[in-house]
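Visitor: Just a sequence and a predicted model for now, questions to come.
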Amino acid sequence: MSPSVITVETKENVSQNLVIQPPASGLSLQGRIQIPGDKSISHRALMLGAIAQGQTQIKGLLLGEDPCSTASCFQAMGAEISELNSELVTVTGISLGNLQEPADVLNAGNSGTTMRLMLGLLASHPGRFFTVTGDSSLRSRPMSRVVKPLQQMGAQIWGRQGTSLAPLAISGQALKPIHYHSPIASAQVKSCILLAGLLTEGQTTVTEPALSRDHSERMLRTFGAKLDIDPQTNSVTITGPAQLVGQTVVVPGDISSAAFWLVAGAIVPNSDLVIENVGVNSTRTGILEALAMMGADIQLLNEREVAGEPVADLRVRSGRLQSCTIAGEIIPRLIDEIPILAVAAVFAAGTTVIKDAAELRVKESDRIAVMAQQLNKMGAKVTELPDGMEITGGTPLVATDLDSYTDHRIAMSLAIAALVATGKTTIHRAEAASVSYPNFISTLQSVISH
């Protein structure tokens with residue numbers, strides 16, 4: 001551990017400044033890392049466990065703020081969920097169709113996944129009324145992308161700005177099946193409609209323009225739902241009404257969290273890291289493909305399957321990176337990793353172009369604008385595009401004051417950039433990292449060698 005490199009300053013007992021000052025002689029990263037459980041799978045395990053018959057046991061659950069929001073919402077609707085921990089969480093389900101009308105507003109916190117997926121279930125519970133909200137960030141994020149297809153199924157939903165923003169009020173209805181052609185490749189949109197289809201008589205189909213992550217399909221099948229998948233057309237059909245039965249879910253490590261270490265190991269000189277037990281579902285491995293295009297030295301070791309999800313250990317060693325273009329069908333498979341890929345691009349020879357990623361502008365922050373602004377403050381050469389960034393690599397970074405904009409992926413991406421900047425970097429509001437990676441700072445401290 002190197003406390004001289006990394007210190008945390010707590011402001012007013014809430015906000016944290018992360019201060020990173022590499023020694024003049026530089027540093028390297030060495031060791032083995034265990035990362036938090038996959039956030040997407042953690043959400044889905046809690047939700048499906050809550051609406052299934054019997055007990056679901058979850059091993060390796062992510063202990064971030066977002067899954068806590070999911071758990072509290074479903075507890076408020078009658079599910080029994082034991083205290084959250086990463087060893088074993090037991091969910092006693094209430095069976096499909098039995099969500100209770102909560103006594104208070106459901107609060108999804110900062111979690112878009114919680115709100116968007118939950119809406120499909122709430123809308124399909126006839127005779128019950130629900131109200132959902134979130135923090136200030138979530139209340140500014142677009143919900144019309146799931147509200148519109150639900151309304152096509154007969155859902156009754158009200159909200160701000162033409163039902164595009166939370167808080168949202170939902171009057172549960174008996175829905176009708178539809179075939180929805182989604183204008184965007186989005187696992188949240190697809191999952192919301194599939195969850196609505198669980199209680200809907202007949203076949204509900206979602207077709208996407210490109211393949212998005214498929215954790216919902218895998219888990220729905222495991223819990224007993226009837227799904228038909230057509231990979232030729234990127235379509236999935238669920239037949240309802242379904243019956244779900246509790247399962248044992250083993251949550252692999254989150255590749256989105258692994259991404260920070262993959263880039264850190266690639267750009268910090270003389271580094272050699274092994275990230276253990278990482279989920280390498282093919283709908284999520286765009287980060288590995290992008291880094292391969294950039295020439296990163298990454299190996300997949302000990303490949304195996306755990307509870308229906310492919311898993312491997314990832315070894316990364318530092319080396320020279322080259323520029324590339326990241327666009328098209330790969331984007332939905334690495335959308336959450338683009339902030340840290342932008343950091344990698346700063347250290348790649350040539351000009352890297354990232355496009356077709358306008359979705360980044362409506363995440364926890366406008367990730368295109370924020371990453372461009374913050375990296376440029378450090379001396380990088382980043383140009384904003386309407387749907388991405390153009391990054392000219394090779395300019396040394398200089399430490400300065402930075403801001404996470406309360407976005408967990410921004411906070412962690414800037415921390416990795418600071419490891420190879422000259423001087424003392426201060427990242428304001430760094431506590432945002434705890435949304436998906438509560439022990440990010442202590443893990444970083446543990447692998448620094450100098």
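Guide: Nice, thanks for sending it over.
Visitor: domain ranges for this protein?
Guide: Structural domains assigned to the chain are 6-37+252-449, 39-250, following automatic domain parsing.
Visitor: could you give me the average pLDDT of the longest one?
Guide: In other words, domain 6-37+252-449. In this model, domain 6-37+252-449 carries a mean pLDDT of 95.
Visitor: gap between the two ends of it?
Guide: Across domain 6-37+252-449, the terminal residues are separated by 12 Å (Cα to Cα, to the nearest Å).
Visitor: picking that back up, got the domains of the chain as CSV, with mean neighbour count columns?
Guide: Just so you know, the C-beta spots here come from the backbone N, C-alpha and C atoms, and that holds for glycine as well. As requested, those are arranged in CSV below (neighbours: other Cβ atoms under 10 Å):
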stretch, mean neighbour count
domain 6-37+252-449, 20
domain 39-250, 20
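Visitor: which stretches of the stretch 101-250 of the chain form helices?
Guide: 112-123, 144-152, 160-163, 187-197, 215-223 (DSSP state H, counting those that start in this stretch).
Visitor: export these to TSV and tack on mean pLDDT?
Guide: Output for those, formatted as TSV (pLDDT from 0 to 100):
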stretch	mean pLDDT
helix 112-123	98
helix 144-152	98
helix 160-163	95
helix 187-197	97
helix 215-223	95
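Visitor: looking at those helices, which is closest to Arg44?
Guide: Evaluated over these, closeness to Arg44 peaks at helix 215-223, with 5.0 Å, by Cβ to Cβ.
Visitor: on contacts alone, who are the packing partners of that closest one?
Guide: helix 39-51, helix 187-197, strand 226-230 (3 or more Cβ pairs under 8 Å, 6 or more residues apart in numbering; DSSP states H and E).
Visitor: mind running it again at 10 Å?
Guide: Counting contacts by 3 or more Cβ pairs under 10 Å, 6 or more residues apart in numbering; DSSP states H and E, helix 215-223 packs against helix 39-51, helix 187-197, strand 226-230, strand 235-240, strand 248-250, strand 309-317.
Visitor: how much does that helix deviate in direction from strand 226-230?
Guide: Here helix 215-223 runs at 140 degrees with respect to strand 226-230, directions being taken by axes from the mean of the first three to the mean of the last three Cα atoms, to 10 degrees.
Visitor: Just the CA atoms of helix 215-223, as PDB, please.
Guide: The C-alpha coordinates for helix 215-223 follow below in PDB (Å, rounded to 0.1, in the frame of the first residue of the first chain):
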ATOM      1  CA  HIS A 215     -28.300 -11.100 -19.000                       C
ATOM      2  CA  SER A 216     -32.100 -10.900 -18.800                       C
ATOM      3  CA  GLU A 217     -32.700 -13.600 -21.400                       C
ATOM      4  CA  ARG A 218     -30.300 -15.900 -19.800                       C
ATOM      5  CA  MET A 219     -31.700 -15.400 -16.300                       C
ATOM      6  CA  LEU A 220     -35.400 -15.500 -17.300                       C
ATOM      7  CA  ARG A 221     -34.800 -18.900 -19.000                       C
ATOM      8  CA  THR A 222     -33.000 -20.200 -15.900                       C
ATOM      9  CA  PHE A 223     -36.000 -19.100 -13.700                       C
END
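Visitor: how much does that helix deviate in direction from helix 187-197?
Guide: Using the same axes, to 10 degrees: helix 215-223 against helix 187-197 is 30 degrees.
Visitor: As CSV, the helices of the stretch 101-250 of the chain with distance to Leu334 would be great.
Guide: Shown next, in CSV, are those (distance: least, Cβ to Cβ, whole Å):
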stretch, distance to Leu334
helix 112-123, 17
helix 144-152, 20
helix 160-163, 30
helix 187-197, 13
helix 215-223, 15
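Visitor: For Ala76, find the nearest of those.
Guide: helix 112-123 (11.0 Å).
Visitor: Could I get the full set of strands for the stretch 201-350 of the chain?
Guide: 202-207, 226-230, 235-240, 248-250, 272-279, 297-306, 309-317, 321-322, 325-326, 348-349 (DSSP state E, counting those that start in this stretch).
Visitor: SS state for the closest residue to Pro339 other than its chain neighbours?
Guide: Nearest residue to Pro339 in three dimensions, chain neighbours excluded: Ser413, at 4.2 Å (Cβ to Cβ, 6 or more residues apart in numbering). Judged by DSSP: H, G, I helix; E, B strand; the rest coil, the three-state class of Ser413 is helix.
Visitor: Ser413 touches Ile338, doesn't it?
Guide: Yes: using Cβ atoms under 10 Å, Ser413 is in contact with Ile338, at 9.2 Å.
Visitor: quick one on the thing from earlier: which residues touch the residue nearest to Pro339?
Guide: Contacts for Ser413 (Cβ atoms under 10 Å, 6 or more residues apart in numbering) come out as 259-260, 263, 337-344, 367, 370-371, 374-375, 404, 407, 427.
Visitor: which residues are common contacts for Ser413 and Ile338?
Guide: Ala259, Arg367, Met371.
Visitor: which residues does the first one contact?
Guide: For Ala259, the contacting residues are 35, 275, 278, 286-288, 290-291, 314, 334, 336-341, 344, 409, 412-413, 416, by Cβ under 10 Å, 6+ apart.
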